[in-house]
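Novice: Below: sequence and its predicted model.
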Amino acid sequence: MLDMLTSHPYVRGADDTIHIYTTETKKMKPSAISKSRAEENISLLFESIYAGFSDYLEIFMGTEWGGFATSYKGEISAGYDPRKRIWYQLGSDAQGEVALTKAFYTHNLAASVIAMVKSFYNAENAFTGNVAISLSLNTLTAKIAKFGIGESGSIILMQEDGIILADPTNPQHIFTHIIATDILPPQRFMQATDRLQRVIFDNKNMFFQVYTLSNLPWKLIAFVEEKELWNECTFMLRYIGISGMIIALTLGFLLVMHMLQMINPVQHILILLQFVSNTAYPQNAMSFSRGDIELLPEHYDALLNELRKEIVLVAATPISPDNLLS
């Protein structure tokens, strides 16, 4: 959004006709001033964006001459000079990049906010001022509240200096330093860690982990009740145990199938030999008579002949799953 604003012809057309509040001796609303054509265009643009984006608390700009334009319709403080405000200075120092302010309290809106700021330049690419969008910390809290951690978990968004930006569980902590809260011990949250740690929070034993957000001077602290975490671990262990049994049974079944595939050719050979043996020996070998023993050489020759026939038959028969056991 800031990229669009800083490149918009209305913003780039801002000049020294934008109203200057530094000389005003009392509060006044933007609607009470006489606006130039340039300021009317900018005000219309800001109001249109504000109407379409409910998360934005205010869209505003300050010029190098001290002019100030805003989507806010309330009273502007007497003597207000945007060039002396931290958001304006941060935007100027960023030299065309988006800058993010620390949380601050705005008396005009009576709210704790953060602001995103970016410089804008005129048609000749000369620096003209900074445009900003502010977000309420309450809005940040409402956004974070939509993302739960289990049933007992919660999230705190904190600046690197320890100021709490969002806390859905304890909204009274917003815009308060974490040391001033009842979270014990608060010093442990000032450093990021890659492991879970225990803490007493809301009179409960909790686990927490601190994450540093890349490209943002913020930290995210995630809490979950110790009891719930252990319950989840127990469930997972049971799940893994049951899954392991299922996997073991599945592997066992596959192993048996694989063994059967290996055994089938052996079974085929055994059946073949049994068939040949039955053909060559119509009687049971254990009931051989003396005469049978005397005729053993002839039986042996008959066996060899039958084997030759069967081997030739097998060699001439295409091997397929259907005829392996036939």
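Specialist: Done, it's in. Numbering: from 1, shown residues only.
Novice: Next, the buried residues of stretch 50-65.
Specialist: 50, 56-64 (16 or more other Cβ atoms under 10 Å). In this view, the C-beta of every residue, glycine as well, is placed from N, C-alpha and C.
Novice: List the neighbours of that stretch that are in contact with it.
Specialist: For stretch 50-65, contacts defined as Cβ atoms under 8 Å, 6 or more residues apart in numbering pick out 1, 5, 11, 14-16, 18, 20, 42, 46, 49, 68-72, 82-83, 85, 88, 106, 109, 111, 113, 120, 127-136, 139, 143.
Novice: Sitting in strands, which of those do you find?
Specialist: Taking DSSP state E, the ones among the contacts of stretch 50-65 that sit in strands are 68-70, 106, 111, 113, 120, 127-136.
Novice: give the contact list for residue 18.
Specialist: 36, 38-39, 42, 61, 63, 65, 67-69.
Novice: Not counting its neighbours along the chain, what's nearest it?
Specialist: Leaving aside its sequence neighbours, residue 18 sits nearest to residue 67 (Cβ to Cβ, 6 or more residues apart in numbering; 2.9 Å).
Novice: ok, now which ones touch that neighbour?
Specialist: Here residue 67 is in contact with 14, 16-20, 39, 82, 129 (criterion: Cβ under 8 Å, 6+ apart).
Novice: Would you mind measuring from it to residue 127?
Specialist: As judged by Cβ to Cβ, to the nearest Å, residue 67 and residue 127 stand 14 Å apart.
Novice: that older thread, tell me which of the buried residues of stretch 50-65 is nearest to residue 156?
Specialist: residue 57 (21.1 Å; Cβ to Cβ).
Novice: so how far is residue 114 from the closest one?
Specialist: Counting by Cβ to Cβ, the gap from residue 57 to residue 114 is 10 Å.
Novice: For those two, list the residues in contact with both.
Specialist: What both residue 57 and residue 114 touch, as defined by Cβ under 8 Å, 6+ apart, is the set 134-135.
Novice: tell me which element the nearest residue to residue 98 once chain neighbours are set aside falls in.
Specialist: For residue 98, ignoring the flanking residues on the chain, the nearest one in space by Cβ to Cβ, 6+ apart is residue 118 at 5.0 Å. For residue 118, the host element (DSSP states H and E) is strand 111-121.
Novice: Which of the contacts of residue 18 sits closest to residue 153?
Specialist: Of all the contacts of residue 18, residue 61 has the smallest distance to residue 153: 40.2 Å, by Cβ to Cβ.
Novice: ok, back up a step: let's have the contacts of residue 18 in a markdown table, adding pLDDT.
Specialist: Formatted as a markdown table, those follow (pLDDT from 0 to 100):
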| residue | pLDDT |
| --- | --- |
| 36 | 94 |
| 38 | 95 |
| 39 | 95 |
| 42 | 96 |
| 61 | 97 |
| 63 | 97 |
| 65 | 97 |
| 67 | 96 |
| 68 | 96 |
| 69 | 96 |
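Novice: which of these lies closest to residue 167?
Specialist: residue 61 (31.0 Å).
Novice: so what's that closest one bridging to?
Specialist: Beta bridges link residue 61 to residue 69, residue 131 when assigned by DSSP bridges.
Novice: distance of residue 20 from residue 107?
Specialist: 19 Å.
Novice: In terms of neighbours, single out the busier of the two.
Specialist: A count of neighbours by other Cβ atoms under 10 Å puts residue 20 above the other of residue 20 and residue 107, at 17 against 9.
Novice: contacting residues around the nearest residue to residue 17 once chain neighbours are set aside?
Specialist: Nearest residue to residue 17, sequence neighbours excluded (Cβ to Cβ, 6+ apart): residue 36, at 3.6 Å. Each residue near residue 36 by Cβ under 8 Å, 6+ apart is listed here: 15, 17-18.
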